[in-house]
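# I would like the atomic coordinates for the input below:
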Amino acid sequence: KPHQAKQSKTTMSAATVEEEFTAPHNYVGETPLLDPKVEEEGCKAIFNALTEDEKLHLADEHMPLRHLRAEKGDVEKAIFKIKDTIQWRQDFEVEKIKTCFEPQGDAEMRA
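Have a look, this model is predicted:
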């Protein structure tokens with residue numbers, strides 16, 4: 001499907017978030033590294049293993065697929081790594097850093 005303007009993750013419905021983050025998104029011209037069915041099922045398993053809070057802190061819709069591919073299809077390892085990555089992003093306030101210079105960004109972070 002064509003790229004659409006993204007909604008804020010906090011305003012997305014649970015169904016929209018699940019659809020956005022569990023369907024493997026192949027990049028133009030990219031060959032899947034694993035069987036497409038394995039990638040789809042793996043992404044769904046990874047997404048379903050996350051808490052609601054963790055789902056809101058995914059960096060983008062490709063994060064489950066990247067972790068699945070990085071772990072060569074090992075879903076359990078991918079789940080462990082993605083949870084660890086999400087926690088790191090929260091600990092180091094990555095979203096605040098990324099948005100601090102936007103008009104509604106964190107003024108304290110800008111200082």
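# in stretch 85-99, what's buried?
Within stretch 85-99, the residues that qualify as buried are 85, 86, 89, counting by 16 or more other CB atoms under 10 Å. In this view, the C-beta of every residue, glycine as well, is placed from N, C-alpha and C.
# tell me the one among those nearest to residue 104.
residue 89 (19.5 Å; CB to CB).
# name the helices or strands packed onto the helix or strand containing that closest one?
For residue 89, the element it lies in under DSSP states H and E is helix 75-91. The contact analysis (3 or more CB pairs under 8 Å, 6 or more residues apart in numbering; DSSP states H and E) places helix 75-91 against helix 36-49, helix 63-70.
# for that helix, which outside residues touch it?
Applying CB atoms under 8 Å, 6 or more residues apart in numbering, the contact partners of helix 75-91 are 42, 45-46, 49-50, 54, 57-59, 63-64, 67-68, 70-71, 94-95.
# pLDDT averaged over it - what is it?
For helix 75-91, mean pLDDT rounds to 97.
# can you check the pLDDT for residue 105?
85.
# quick check: which element contains residue 109?
Assessed by DSSP H and E, residue 109 sits inside helix 107-110.
# neighbours of residue 102, how many?
Residue 102 is flanked by 9 other residues according to other CB atoms under 10 Å.
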